[in-house]
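Participant: from the sequence below, what's the structure:
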Amino acid sequence: MWKRIVLWFVFGLLAVSGLACSFSGLATQLSTPEPMEPAVEQNTVVIVLTPTPLPPDVVSQVDVEEQLVINVYARVSPAVVCITAPDHLGSCIGSGFVFDREGHIITNNHVATAAPELLVNLVDDRTVPAELLGTDPGSDLAVIKIDVPPDELTVAQLGQSSTLQVGQRAIAIGNPFGLERTVTTGVISSLGRTLRRDDSDFWIAEVIQTDAAINPGNSGGPLLDSQGRVIGVNMAIRSLTGVNSGVGFAIPVDVVSRVAPELIAHGRYRHPWIGVSGRTISQEMVESMALPVETGVLVFTVEPGSPAEKADLHGGVREVSVSGLPMRAGGDILIAINGVVVKNFDDLINYLASQTSVGDEVTLTVVRDGAEITIDVILDERPEDR
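Facilitator: Residues are numbered from 1 along each chain as shown. A predicted model of the protein is given here:
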């Protein structure tokens, strides 16, 4: 019995001793690793990643998008012209497009008046003289005419701008920096913009905004929809550098359809006019002047002899300051024209430009002394640009 106990005790000591040695060896191995032996050279394995092919339906959609622009360019680019001048031979001062088979070409006013003599470079590289028929600074449109046989002209098809939607495709063709018949694509970024003119107090109305690249030389060229129909005439960019920054502007084709026939027939276009100045109502104006409405146009002044004066619209009667800006208080507040709500001055400008003509009678809804009344106004021709 005692012998067994002694033997188990001895075996226990030996086991504990061995375990301790094992831990000691392990600790030594972890704390002071042996130097690594040189690695054995191995062949390098190159892994090639193969892209997953796009599904056929996605590829077909991409092809459709691509072919659409290719087709539009092939059909419409022959109708786009380079407008130049004798002292600018070899470079375009702007763009234009063939309006009809009589040789009428639509371009911008600022392009058509850039030189006393104009030349047009056609798609077949012929350069022919052009006659200036009419200009309209109020819409920045002009019509020039060339003498070319009708069967040698490609006419651009006009679309409609009244049905345009923000986000719709926009394709521009023109001559940016003299690079003839360049195509750029984008979308319609906004509608119904108004642009201040450098040469007048009046504004250009109903302007289309697009992110299709518009640069110097694109002016006067067509902005197209996905069917290749003209929806606008490219006219300007907003940029800090003088080149495209993704904000371009075009005159809508519905304005072109109104103005161009007048320029061809009479050399000028008569813009309808009410004869008021004012300001879009802001929250600061509502609070400072205690205005009874929160949207509309507060009339500051009524032009002497204007349709507004004849219809007895009231301008402001006292000078006030709102947020440091001088204003006139006490005038009528215009809130609608022919039943169409006027939330800001742009609404009034755009409605007059797109929906009315000289001699039309319009019904204005105004708020006067807190009461809503209607006033009929017969539109007159706008005075010469000031």
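
Participant: buried ones in the strand ranked longest in the chain, by neighbour count?
Facilitator: Looking across the chain with DSSP state E, the single longest strand is strand 182-196. Counting neighbours by 16 or more other Cβ atoms under 10 Å, one finds that the buried residues in strand 182-196 are Thr182, Val183, Thr184, Thr185, Gly186, Ile188, Ser189, Leu191, Gly192, Arg193, Thr194. For glycine as for every other residue, the C-beta is placed from the backbone atoms N, C-alpha and C.

Participant: end-to-end on stretch 151-165?
Facilitator: Using Cα to Cα, to the nearest Å, the end-to-end distance of stretch 151-165 comes to 35 Å.

Participant: same question, stretch 76-88
Facilitator: End-to-end for stretch 76-88, by Cα to Cα: 25 Å.

Participant: same question for stretch 292-300.
Facilitator: Length of stretch 292-300, first residue to last, Cα to Cα: 16 Å.

Participant: same question, stretch 213-226
Facilitator: 16 Å.

Participant: average pLDDT for it, rounded please.
Facilitator: The average pLDDT within stretch 213-226 is 95.

Participant: what about it, distance to the chain center?
Facilitator: Centroid separation between stretch 213-226 and its chain, computed with Cα atoms, centre = their mean, to the nearest Å, is 11 Å.

Participant: hang on, the earlier thing: the helix or strand just after the longest strand of the chain packs against which elements?
Facilitator: Sequence-wise, the next helix or strand downstream of strand 182-196 (DSSP states H and E) is strand 203-210. Judged by 3 or more Cβ pairs under 8 Å, 6 or more residues apart in numbering; DSSP states H and E, strand 203-210 is in contact with strand 169-174, strand 182-196, strand 230-237, strand 248-252, helix 253-266, helix 345-355.

Participant: mind putting these into CSV with mean pLDDT and distance to Ser321?
Facilitator: CSV is the format used below for those (pLDDT from 0 to 100; distance: least, Cβ to Cβ, whole Å):
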stretch, mean pLDDT, distance to Ser321
strand 169-174, 97, 42
strand 182-196, 95, 23
strand 230-237, 92, 33
strand 248-252, 96, 33
helix 253-266, 97, 37
helix 345-355, 94, 20
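
Participant: list the contacts for Asp136?
Facilitator: Asn109, Ala142, Val259, Glu262, Leu263, Arg268, Tyr269 (Cβ atoms under 8 Å, 6 or more residues apart in numbering).

Participant: that one and Val362, how far apart?
Facilitator: 22 Å (Cβ to Cβ, to the nearest Å).

Participant: repeat for Leu133
Facilitator: 30 Å.

Participant: cool, and Leu263?
Facilitator: To Val362, Leu263 is 24 Å away according to Cβ to Cβ.

Participant: with Val98 instead?
Facilitator: According to Cβ to Cβ, Val98 and Val362 sit 36 Å apart.

Participant: what's the answer for Glu287, then?
Facilitator: Taking Cβ to Cβ, one finds Glu287 at 31 Å from Val362.

Participant: these two: who's more crowded?
Facilitator: Val362 (20 against 10; other Cβ atoms under 10 Å).

Participant: of all the buried residues of strand 182-196, which comes closest to Ile337?
Facilitator: The nearest member of those to Ile337, counting by Cβ to Cβ, is Gly192 at 14.6 Å.

Participant: so where's the stretch 251-386 of the chain uncertain?
Facilitator: Applying pLDDT under 70 to the stretch 251-386 of the chain flags residues 385-386.

Participant: please enumerate the helices of it.
Facilitator: 253-266, 283-289, 307-310, 345-355 (DSSP state H, counting those that start in this stretch).
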